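J.: Have a look at this prediction, sequence included:
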Amino acid sequence: MSSMNNIINEIKAALAPLKMETPADKQIAAVVRPEAIHNSLSYLRQRGFTQLCIVTCIDWIKDSEFELVYILFSWTDGIHVQLRARVDRNNPVMVTATDIFPGARYYEREVTEFFGVEFTGNEDAGKPLFLEIWDDLPPLRKDFDPQAYSDSKFPMRERGNEFVSEIGGTEK
Amino acid sequence: MNEVKLFLGPQHPGMHGNYSVHMYVDGDIIEKARPTPGFLHRGFEKLMERRHWMGNLALIPRICVPEPDINEFVYAQGIEMLANIEVPDKAHWIRMLVLEMARVMVHLMSLGFIGGPTGMYTATYWAIAQRDLILDLFEELCGARIYHMYIVPGGVRKDLPEGFTDRVLAMMDELEVKIPEYEELILKHPIIHARAKDNIMLPAEVVWELGVTGIGMRSATGEENDLRKVKPYAHYDKVEFEVPTATYSDALTRLNLKVREMYQSMRIIRQVIDKMPAEGPVNVPVSPGNALRWTVPEGMVYSAVESSRGEYGYFIVSDGSEMPYRIAVRGASFPQGLLGIEKYLKGHRIDDASIWMDTMGVCSPEIDR
Amino acid sequence: MVLKNDDNRNIWEKIGDYFSANSIWMKWYCTGCGAIEMPPTMTSRFDMERLGMGPMATPRQADVLLITGYLSTKTLRRVIYSYEQMNSPCFIVAFGSCTINGGIYYDSYATIGRLDKYLPVDLYIAGCMPRPETIMNGFNELIQMIKKGEAKGWKHYQENYEWYKKNQLDSLGEIIIKDEFHE
């Protein structure tokens, strides 16, 4: 556990995060400003966190912000790190991470498609990947209602009268 | 320059699942390849936000269709991390038993499906029939063949039936006799050697660039990078097993590693049955109150497991209510199924695309979700 | 949609149906999560080939199309495209509860609700997902239906083509995608 405390102190000194916590055993979470994401990712990559697990996004509609989450893993220490940053919901822009982690290209494309976040520097990010001819809001936003969309485009089977009309009687 | 646009489309006998690769070919050699996922997209991450925590258990096994137990395990582990509850001892051993049996099943199926791209259908006929006998064991345990819904937050649903462990041990004895026959048929066969030996190599630098985990990483770098050893969960630190590695990663070596991993899984299962306590509780309630509508405390946590294809994880965000706020799924084959195909298939033949997908373990439902 | 059961086939159609019922070629397309139970049905434990059914790679030589489970909109476009390439008489068998009324993904923005608004279905097999024994039962039923002349989905599709096309275009937008390669 001392090595875990060492790592926490080193990261805190290097990144100067807004908030830092350990949500679980061998997991660190650090919240930074969006401008500091690129430097933080470079620092963590050199520190030994060489695997990018996932790049994803959370929609905090009440605060009108998107929170971008980068999760990294280090095979030598066995520790996961969550790096989070909040951007404005009405104009979500973030610098791409593909020069540090080439594998981030498709994760960023997915976040663009489902949330509408722009990644400057990733020229593939606008092309559709999972959806085809999509004509509505980005689907994973909280103000998109999938049931209403599904009922309007894909009608369900109409159910007739299923009850017996009277006791001992026959179905209508 | 005479290039032809071709799609190795969703309907193809050699294609591994419902997936498509668009390529520009010159003769038989691929010049440019683009993956096209999305055929199995159901919008799971949105659907999971609209159901209660317990109701999600019926939905999540369908995210990874060949190996559904890892979904239930990561979901349960994430909720236990957030709610800070301790699972009883016997439940940990039973969870390990279920996970290792699922791993043996998936490796058998992946070994058998080498028959699709290469045309050697005998492998498929034998391996799928063998896997079916393990599905019988699962049916006895929890009532369903494919989607078990057995591992719940707080433990497992019910205790093992009478005599179950004897039948599992009998199945292991039978597999010890049968797996050398598969090795003889598949790994020493001239057709497979002609298609897979020294073909579709994966050098070590490419592993770090793509972010590949699992058999692809272990066969190229030679290090024991397995989550069960590096960050053990659920009593994996109390059993002895080895993690097979290699340094020369062609398609035949990756198939060989799958067979080696099957032997190690059988070794783990025997030790688990030996060390499991005979009596004991198997589940604890997650939070007081109603059994079906409970709340999970606030927090954000990432929980991961070593599946047969790599690191599989869920990022769970809870805001203290009865439904999850956001769950993001990290499919284990996302790097090799998307970026691997784009950067890496150039220069290979058209028929090598399917062998890449089979040996690296690309499972299309978990990419599309 | 109810298919009337009047048997007005001539003698050549009856002979043709008898032979085609005993050797059905199944098109190899795993469209949804129910397809994980197709390999056990095809291989040596449950052995579909003793009913005379075998897999076939190309749609132009196949007889039956199995819709194994849900259909997302992207897959539905390709299924329609390849169903229209199959030569008649051809049949469709729908597996699982997702084809009847949406199933467990009833409120998803990417999957369809009812299959028989877009393609004519001859036989439904219940389950989520159906076991191999249920699938073999279903195939037996399909063989009896073909021999008696009750599997007339392809005729219904040809006669009501505009109705099917209108439903498909309402739900999908366009069927043949022009810009697949994103160039």
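T.: Structure's in. What do you need?

J.: Would you mind naming what in chain A lies close to chain C?
T.: A:127-128, A:131-133, A:135-136, A:139, A:144, A:146-147, A:149-150, A:153-157 (CB under 8 Å from any CB of the partner chain). All C-beta atoms are positioned from the backbone trio N, CA, C, and that covers glycine.

J.: so which of those residues also contact chain B?
T.: Checking these against chain B (CB under 8 Å from any CB), the matches are A:131-132, A:139, A:144, A:146-147.

J.: quick one: the strands in chain A?
T.: A:19-24, A:27-31, A:51-60, A:65-74, A:79-88, A:93-95, A:118-120 (DSSP state E).

J.: okay if I get those as JSON lines plus mean neighbour count?
T.: JSON lines is the format used below for the strands of chain A (neighbours: other CB atoms under 10 Å in any protein chain shown):
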{"stretch": "strand A:19-24", "mean neighbour count": "14"}
{"stretch": "strand A:27-31", "mean neighbour count": "21"}
{"stretch": "strand A:51-60", "mean neighbour count": "23"}
{"stretch": "strand A:65-74", "mean neighbour count": "22"}
{"stretch": "strand A:79-88", "mean neighbour count": "20"}
{"stretch": "strand A:93-95", "mean neighbour count": "17"}
{"stretch": "strand A:118-120", "mean neighbour count": "17"}
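
J.: Now distance to residue B:153 and mean pLDDT too, for those strands, in CSV please.
T.: Output for these, formatted as CSV (distance: least, CB to CB, whole Å; pLDDT from 0 to 100):
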stretch, distance to residue B:153, mean pLDDT
strand A:19-24, 15, 83
strand A:27-31, 18, 88
strand A:51-60, 21, 89
strand A:65-74, 21, 90
strand A:79-88, 20, 89
strand A:93-95, 33, 86
strand A:118-120, 35, 87
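
J.: how about those strands, which one is nearest residue C:16?
T.: Minimum separation from residue C:16 across the strands of chain A (CB to CB) falls at strand A:51-60, 55.4 Å.

J.: ok, the closest one: who's next to it in the sheet?
T.: strand A:65-74 (antiparallel) (DSSP bridges).

J.: quick check, distance from the partner strand to the centre of its chain.
T.: 7 Å (CA atoms, centre = their mean, to the nearest Å).

J.: Could you check the angle it makes with strand A:27-31?
T.: Orientation note: strand A:65-74 sits at an angle of 140 degrees relative to strand A:27-31 (axes from the mean of the first three to the mean of the last three CA atoms, to 10 degrees).

J.: related to what we said a few turns ago, in the ones next to chain B among the residues of chain A next to chain C, which has the lowest confidence score?
T.: Among those, residue A:132 has the lowest pLDDT, at 80.

J.: hang on, the earlier thing: please list the members of the ones next to chain B among the residues of chain A next to chain C that lie in helices.
T.: Among these, DSSP state H puts A:146-147 in helices.

J.: returning to what we had before: buried only: go through the residues of chain A next to chain C for me.
T.: A:131-132, A:139, A:144, A:146, A:149-150, A:153-154 (16 or more other CB atoms under 10 Å in any protein chain shown).

J.: and whichever helix or strand residue B:170 is part of, what does it pack onto?
T.: Applying DSSP states H and E as the criterion places residue B:170 in helix B:164-182. For helix B:164-182, the elements it packs on are helix B:89-112, helix B:121-142, helix B:251-275, judged by 3 or more CB pairs under 8 Å, 6 or more residues apart in numbering or on different chains; DSSP states H and E.

J.: how about 6 Å then?
T.: Using 3 or more CB pairs under 6 Å, 6 or more residues apart in numbering or on different chains; DSSP states H and E, no helix or strand is in contact with helix B:164-182.

J.: Could you count how many residues lie near residue C:34?
T.: 27 (other CB atoms under 10 Å in any protein chain shown).

J.: How much space separates it from residue C:104?
T.: 12 Å (CB to CB, to the nearest Å).

J.: Any residues of chain C in contact with chain A? List them.
T.: C:74, C:101, C:107, C:109, C:112-114, C:171, C:173, C:182 (CB under 6 Å from any CB of the partner chain).

J.: residue ranges for the strands of chain B, please.
T.: B:4-8, B:20-26, B:29-36, B:151-152, B:155-156, B:299-306, B:311-318, B:326-330.

J.: Could you dump those into CSV with mean pLDDT, distance to chain C and mean neighbour count added?
T.: Rendered in CSV, the data for these read as follows (pLDDT from 0 to 100; distance: least, CB to the nearest CB, whole Å; neighbours: other CB atoms under 10 Å in any protein chain shown):
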stretch, mean pLDDT, distance to chain C, mean neighbour count
strand B:4-8, 84, 7, 14
strand B:20-26, 86, 6, 19
strand B:29-36, 86, 7, 19
strand B:151-152, 89, 18, 24
strand B:155-156, 88, 22, 25
strand B:299-306, 91, 20, 23
strand B:311-318, 91, 17, 25
strand B:326-330, 91, 15, 22
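
J.: now the ones next to chain B among the residues of chain A next to chain C as TSV including distance to residue B:28?
T.: Shown next, in TSV, are these (distance: CB to CB, whole Å):
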residue	distance to residue B:28
A:131	33
A:132	30
A:139	39
A:144	45
A:146	44
A:147	48
